[in-house]
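Engineer: 3D model of this:
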Amino acid sequence: MDLKDLVEATAEDLKGVAGGALATRYYIYTVVKGDTLHKIATRFGTTVDAIYNLNRDKIKDKNLIRIGWKLIIPVTEIR
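Structural biologist: Presented below is the predicted three-dimensional model:
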């Protein structure tokens with residue numbers, strides 16, 4: 001996975017998003033089978049809380065995400 005596989009979030013995507021992320025770039029990531037918030041956070045050099053705070057409209061339980069969800073991810077690095 002690298003940046004070519006992600007779509008940069010637009011101002012419209014970020015409208016009304018809760019703050020808290022320190023990254024300067026935000027991307028839309030589509031959840032795939034086997035993903036957890038922890039795995040996604042580790043992959044993109046961010047935290048579970050940062051992803052959760054940006055996606056509270058979808059994520060009600062940090063332990064439950066669905067395949068196909070499009071999440072806003074604050075990206076600092078890709079591992």
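Engineer: what sits against the closest residue to Val31 other than its chain neighbours?
Structural biologist: Leaving out its chain neighbours, the residue that sits closest to Val31 by CB to CB, 6 or more residues apart in numbering is Trp69, at 4.5 Å. No exception for glycine: its C-beta is placed from N, CA and C like everyone else's. Applying CB atoms under 8 Å, 6 or more residues apart in numbering to Trp69 gives the contacts 30-31, 58.
Engineer: pLDDT-wise, which helix or strand of this structure ranks last?
Structural biologist: Within the chain, no helix or strand scores below helix 11-14, which has a mean of 72 by mean pLDDT, DSSP states H and E.
Engineer: Can you identify the element that follows that helix toward the C-terminus?
Structural biologist: Once the chain leaves helix 11-14, the next helix or strand it forms, by DSSP states H and E, is strand 25-30.
Engineer: Buried residues, that following strand. List them.
Structural biologist: 26-27, 29 (16 or more other CB atoms under 10 Å).
Engineer: pLDDT check: weakest of those?
Structural biologist: In this model, the minimum pLDDT among the buried residues of strand 25-30 belongs to Tyr26 (88).
Engineer: For Gly34, see how far away it is.
Structural biologist: According to CB to CB, to the nearest Å, Tyr26 and Gly34 sit 23 Å apart.
Engineer: go on, Leu6?
Structural biologist: In terms of CB to CB, Leu6 sits 18 Å off from Gly34.
Engineer: With Ile73 instead?
Structural biologist: Distance, Ile73 to Gly34, by CB to CB: 16 Å.
Engineer: quick one: which of the buried residues of strand 25-30 is nearest Leu54?
Structural biologist: The nearest member of those to Leu54, counting by CB to CB, is Tyr26 at 7.4 Å.
Engineer: Grab the nearest non-local neighbour of that closest one.
Structural biologist: The shortest distance from Tyr26 to any non-neighbouring residue, by CB to CB, 6+ apart, is to Ala9 (3.9 Å).
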